[in-house]
Every structure is written in C-alpha cells, then in structure tokens.
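Visitor: structure, please.
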Amino acid sequence: MIESLGLTKHYGRIRAVDAVSFTVHPGRVTGFLGLNGSGKTTTLRMLLGLSRPTAGEARINNRRFRELRHPVREVGAVLDQGISHPGQSGRAHLTAQAILAGAGRARVDALLDHVGLTAAADQRSGNYSLGMRQRLAVATALLGDPATLILDEPANGLDPEGVVWLRRLLREHADRGGTVLISSHLLAELAHLVDDVVVIAKGRITCAAPLAALSASVAGRLRIRSRDQRRLWQVFEGSGARVTRSGEALEVEGLTPEAAGEIAFQARVPLHELTVETPDLEQIFLGLAAR
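Guide: Prediction:
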C-alpha cells in the first residue's frame, strides 16, 4: 500500500505540491495523472524519499521509505530512463544492481528475457534506443521482486508492441496482489490498464476515484441518424434534450438510449444509427484538470 498523507513541497515562495493525500491499494493499478508542472513528479519523488517534503508524510506499507529494511525488495521505481552508465552493457548494469538487491545471476538472465533484451544484453547501453533503455529501467525496478511499483512515464519510447508488453506486465503484477502507481501521458493506453485514477492539478488533488465510477458519473452522448433528422431534432428538443449536428448525425445529450428509441418510435421515425459515445479517459482527465 502507498499512502500520501498531506504531502506539501515548497521551493522558496512557490508551493509545488499542496497537501496531497491519496492511497494506492494492493491488487490495483492506479493512474497518477497531471499536466506538465502539476506537481506529479515532485510527489513521486517524495514518495520514494528522493525529495524531502516541507510538510506531510509518505508511507509505503505503513513505513516511510527510509525505514524500509530492504528497499529494493519492497519498492521498484522507474523515474528516469538514463539509469545505466552508457559504457556498461545492459547485462553488466543489471548484474551490478543485482548485488545491491541481493539477487543472483539467474535473476538477471530471467529479467533480460522477461523485458525482451536478451539479444542486446551485451551491447553498450549508451547505444540502446529510448525504448530499450526504458525496458532496462523496468528490469532494474523488478530486480528485487518488489510488491510495490512506482513508475513515472514508463511507456516513453516504447513501440506499440512494447506498450502492450508493459500493460500485460503491470496487470499481472497487480493481479498477483502487487501495488502499482503509474503516471503516463498515454491516456488512451492507461484506460485499458488502470483500476483507479488520481488527478493532480496545480499541486492539488482534484479527483481520486475508481475509473469505473468516474466514467459512470460522466454522462454519455448519443449519436443518432435517421431519414428525417429535422423531425427527430424537434421531438428530442421537445423532450428537454440538448441537440447539435455532427455531419450527417445528431448528437443528443440528456437522454438514455432507451428514451431516445422510444421518442423516435412514437414520432414514427425509423433510426439508422443509435450509438452511445462515452467520454474517454483523456476527455475526463482534461475536464478534471481544467476544473
């Protein structure tokens, strides 16, 4: 479990993070969303003990990071892709880190295979692509087989296959009871992965809720086509709905699909299309960030 308890960070007179509180539960993937400059990375650094909070406290499994007896075995983190010396091979980097984590060579070989770097393991990491460096960073985070993962933009540089691989890895980790906190600008991809959403804007939490509940709370819009759009417009507006035109279709807000179908039936206007357009995570996030 990850707990942010009133975390606050000042840089001189600038309050970068202001009384941020949220909880990340085991067995769930939590997306941490915020625009650039929102305080997202500063909060993650405070969670990991890399930045001292001005006020408040961060706890991982009920302890502050510096109180963890074996940090690499309890928390794996990706905050920067450039974690290896460019002159080291991927294998040499992981082997050196494995010594600190108390992991053996077999763990190094298994992780190189797990992240798809076996073929490039003996190449200098300075010659790795951004996506390969990202995979190496994820492998480093997993060395101690930690239950808790904190990842800042881990999909940067990954190709579509790599994004799918990362999604599957994190989903399986959570399904085994692990705790995952991930920030990413790839909101469409996060929508397929996260269970909960925490939104930060201007240093403050604006929303912390399960994604399913958040989506359900946002009214969907209906896209409707028929052979008599003018007649439908009239009867929908007469029922109190808000109607606009989008190409050949009407966009209707304020009606359920069932109600729209009944109204069209009563007006004797056959429908050619009736589609529910539910706002995606990007639309929900932008609305919350703006608010």
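Visitor: hmm, Pro154 is touching Ser184, no?
Guide: Yes: shown here, Pro154 and Ser184 form a contact pair, counting by C-beta atoms under 8 Å, at 7.2 Å. In this view, the C-beta of every residue, glycine as well, is placed from N, C-alpha and C.
Visitor: between those two, who's got more neighbours?
Guide: Legend: neighbour count by other C-beta atoms under 10 Å for Pro154 and Ser184, higher for Pro154 (27 against 20).
Visitor: quick one, phi/psi of the more buried one?
Guide: Per-residue torsions, Pro154: phi -70, psi -10 (degrees, to the nearest 10).
Visitor: what comes up buried for the top helix by length along the chain?
Guide: Secondary structure of the chain per DSSP state H: the longest helix is helix 160-175. Buried positions in helix 160-175, judged by neighbour count with 16 or more other C-beta atoms under 10 Å: 162-163, 165-167, 169-171, 173-174.
Visitor: return the member of those nearest to Ala96.
Guide: Leu169 (22.8 Å; C-beta to C-beta).
Visitor: local confidence estimate at that closest one?
Guide: At Leu169, the model reports a pLDDT of 94.
Visitor: rewinding a little: of the buried residues of helix 160-175, which is the nearest to Ser4?
Guide: So of the buried residues of helix 160-175, ranked by how close each gets to Ser4 (C-beta to C-beta), first place is Ala174, at 18.7 Å.
Visitor: and that closest one, what does it touch?
Guide: 27-29, 180, 195 (C-beta atoms under 8 Å, 6 or more residues apart in numbering).
Visitor: beta-bridge partners for Arg223, please?
Guide: Arg223 forms beta bridges with Glu251, Thr275, as assigned by DSSP bridges.
Visitor: right, and it touches Gly247 too?
Guide: No: counting by C-beta under 8 Å, Arg223 stays clear of Gly247, with 9.5 Å between them.
Visitor: so these two - more neighbours on which side?
Guide: Taking other C-beta under 10 Å, Arg223 and Gly247 do not tie; Arg223 has more neighbours (16 against 8).
Visitor: relative to Ala241, how far out is the more buried one?
Guide: 13 Å (C-beta to C-beta, to the nearest Å).
Visitor: quick check: neighbours shared by those two?
Guide: Counting by C-beta under 8 Å, 6+ apart, the residues touching both Arg223 and Ala241 are Val252.
Visitor: show me the contacts for the residue lying closest to Asp122 once chain neighbours are set aside.
Guide: Distances taken as C-beta to C-beta, 6 or more residues apart in numbering place Ser89 nearest to Asp122, at 4.9 Å, with adjacent residues excluded. Taking C-beta under 8 Å, 6+ apart, we find Ser89 in contact with 121-125.
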